[in-house]
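Asks: pasting the sequence and the predicted model now:
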Amino acid sequence: MPHDTPLIATVVAGLGLAFVFGTIAQRFRVPPLVGYLLAGVAVGPFTPGFVADQALATELAELGIILLMFGVGLHFSLNDLLSVRAIAVPGAIAQIAVATLLGLGLALLMGWTVGAGLVFGLALSVASTVVLLRALQERRLMDTERGKIAVGWLIVEDLAMVLALVLFPAVASFQSGEGVALASDPLATRFGLGLPGVVALTLVKIAVFIALMLVVGRRLIPWVLHYIAHTGSRELFRLTVLAIALCIA
């Protein structure tokens, strides 16, 4: 019986070409990540031949981002960040501010809106923590002072971007032709909160989530992993790690 298999085709084409291009990149002493990017270009809509399902690819990419950021979290230590806070925190904030303003200015020159310019500037202001971690690990610089400063710098950038991404929908929900507040948050709609109220409510949600992760997560998750590790099953332990990463995200 004929049936479509877009998920299988997307996974097979993506992984197959990632293997081919990643191997070629490694052969030329280029980071495999470059090959993976080229694999995505090859199955994209802007190159001839097979085109992967873009909707499915986006969802698969979300899973990949969850696992990548989970890996970043494994290398994240509040103590390490605090030890380099004098350099990483002001440096990252200054870089974000300068790059965002430059991106906003360029966007305005191109005739973009202020909102689009801010998004463009923020996109220019951050670097990939995952790529940096891979580079530091390959050069064995993770435990050096320079490595800790670099990781701390990008962690601050990531935290700032998380805050920005959470606040953007709240702010964007108020954009209308007549300036009427159209809050998309159910609580904000119920209580008739204005823009400051929606932003404050969003910040409260972030604070509650962070508190739960620091208090409950730091106690419950290690206990669960410790219990599963003592079962002696590697498969169950891997499944537990995947379940925790995906479910929390």
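Replies: Received, thanks. Note that the coordinates shown come from a computational prediction; the quantities given were computed from them, not determined experimentally. Residues are numbered from 1 along each chain as shown.
Asks: show me this protein divided up by domain.
Replies: 6-52, 68-179, 182-248 (the TED database).
Asks: any idea how far residue 57 is from residue 83?
Replies: Using Cβ to Cβ, to the nearest Å, one gets 39 Å for the distance from residue 57 to residue 83. (Glycine included, C-beta is placed from N, CA and C.)
Asks: look at these two and report which has more neighbours.
Replies: residue 57 (19 against 15; other Cβ atoms under 10 Å).
Asks: which stretch of helix or strand covers the more buried one?
Replies: helix 54-74 (DSSP states H and E).
Asks: what does residue 246 give?
Replies: helix 234-248.
Asks: compute the inter-axis angle for that helix and helix 54-74.
Replies: 110 degrees (axes from the mean of the first three to the mean of the last three Cα atoms, to 10 degrees).
Asks: tell me what helix 234-248 is packed against?
Replies: Counting contacts by 3 or more Cβ pairs under 8 Å, 6 or more residues apart in numbering; DSSP states H and E, helix 234-248 is packed against helix 54-74, helix 218-229.
Asks: weakest of the ones you listed by average pLDDT?
Replies: Among those, helix 54-74 carries the lowest mean pLDDT, at a mean of 84.
Asks: hmm, residue 228 and residue 240 touching each other?
Replies: Yes. Proximity of residue 240 to residue 228 meets the contact threshold set by Cβ atoms under 8 Å, at 4.7 Å.
Asks: list the buried residues in the host helix or strand of residue 136.
Replies: Counting by DSSP H and E, the element that carries residue 136 is helix 129-138. Neighbour counts using 16 or more other Cβ atoms under 10 Å place 129-130, 132-133, 136 of helix 129-138 among the buried residues.
Asks: quickly name whichever of those residues is closest to residue 208.
Replies: residue 129 (24.6 Å; Cβ to Cβ).
Asks: and residue 10, how far is that from residue 168?
Replies: Distance of residue 10 to residue 168, computed by Cβ to Cβ: 28 Å.
Asks: can you check residue 220 too?
Replies: 31 Å.
Asks: would you state the helices of this structure in chain order?
Replies: Secondary structure of the chain (DSSP state H): helices at 6-27, 32-42, 54-74, 78-83, 85-109, 114-125, 129-138, 145-172, 186-191, 195-212, 218-229, 234-248.
Asks: could you dump those helices into JSON lines with distance to residue 48 added?
Replies: Formatted as JSON lines, those follow (distance: least, Cβ to Cβ, whole Å):
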{"stretch": "helix 6-27", "distance to residue 48": "14"}
{"stretch": "helix 32-42", "distance to residue 48": "10"}
{"stretch": "helix 54-74", "distance to residue 48": "16"}
{"stretch": "helix 78-83", "distance to residue 48": "46"}
{"stretch": "helix 85-109", "distance to residue 48": "32"}
{"stretch": "helix 114-125", "distance to residue 48": "28"}
{"stretch": "helix 129-138", "distance to residue 48": "29"}
{"stretch": "helix 145-172", "distance to residue 48": "34"}
{"stretch": "helix 186-191", "distance to residue 48": "46"}
{"stretch": "helix 195-212", "distance to residue 48": "44"}
{"stretch": "helix 218-229", "distance to residue 48": "47"}
{"stretch": "helix 234-248", "distance to residue 48": "35"}
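Asks: which of these has the lowest mean pLDDT?
Replies: helix 186-191 (a mean of 66).
Asks: picking up where we left off before, so residue 10 and residue 168 - more neighbours on which side?
Replies: residue 10 (21 against 15).
Asks: what's the closest non-adjacent residue to that one?
Replies: Excluding the flanking residues, the one nearest residue 10 by Cβ to Cβ, 6 or more residues apart in numbering is residue 52, at 4.4 Å.
Asks: distance of that neighbour from residue 34?
Replies: Residue 52 sits at a distance of 19 Å from residue 34 (criterion: Cβ to Cβ).
Asks: these two: which is more packed in?
Replies: residue 52 (21 against 15).
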